[in-house]
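Asks: Structural data only, the sequence is not supplied:
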């Protein structure tokens, strides 16, 4: 095995929870009526989704035959979206967010994503014709 063999498993993406001070640093129009528990609840949902996504992608490499047809389609879509990106870039798309049952695509959901962008947890870009949010890995 190469020295990098175990790295992919150890570096599952994670978005750190935000603090009250970070929430308050966002402009009032952005945070509107958000409270810390709502924002961190969405962060936990994103973490759960990212862990499931990247563990499925990892599993697909080793055990492609054991995947269901739906899982294969999902993996193929994600692999297509990853083309042209740096290795180690963790992201989710607008389609992924719409599929999450606990995150509403209303004004509150959009405000939460804006706040997460403002405090540096996410970076939004257009990629492969769709809106994507990349997880920002920082040291602080």
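Replies: Cool, the structure landed. Predicted, not measured: the structure shown is a model, and the values here were computed from it.

Asks: Next up, the contacts around the residue lying closest to residue 135 once chain neighbours are set aside.
Replies: Among residues not flanking residue 135 along the chain, residue 90 sits closest, at 4.4 Å (CB to CB, 6 or more residues apart in numbering). Every residue, glycine included, has its C-beta placed from N, CA and C. If a contact means CB atoms under 8 Å, 6 or more residues apart in numbering, then residue 90 has 13, 50, 54, 134, 135 as its contacts.

Asks: Touching, residue 128 and residue 80? I think so.
Replies: Yes: counting by CB atoms under 8 Å, residue 128 does reach residue 80; the two are 7.2 Å apart.

Asks: Looking only at neighbour counts, state which of those two leads.
Replies: Per other CB atoms under 10 Å, whichever of residue 128 and residue 80 has more neighbours is residue 128, with 12 against 9.

Asks: Would you report the backbone torsion angles of that one?
Replies: Residue 128 adopts backbone torsions of phi 50, psi 40, taken as degrees, to the nearest 10.

Asks: go on, residue 107?
Replies: phi -60, psi -40.

Asks: Identify the spatial nearest neighbour of it, chain neighbours not counted.
Replies: residue 32 (7.5 Å).

Asks: got the contact list for that neighbour?
Replies: Contacts of residue 32 (CB under 8 Å, 6+ apart): 107, 108, 111.

Asks: which one of the residues you listed is nearest residue 39?
Replies: residue 111 (8.9 Å; CB to CB).

Asks: Correct me if wrong: the closest one contacts residue 30.
Replies: Yes: between residue 111 and residue 30 there is a contact at 6.2 Å, judged by CB under 8 Å.
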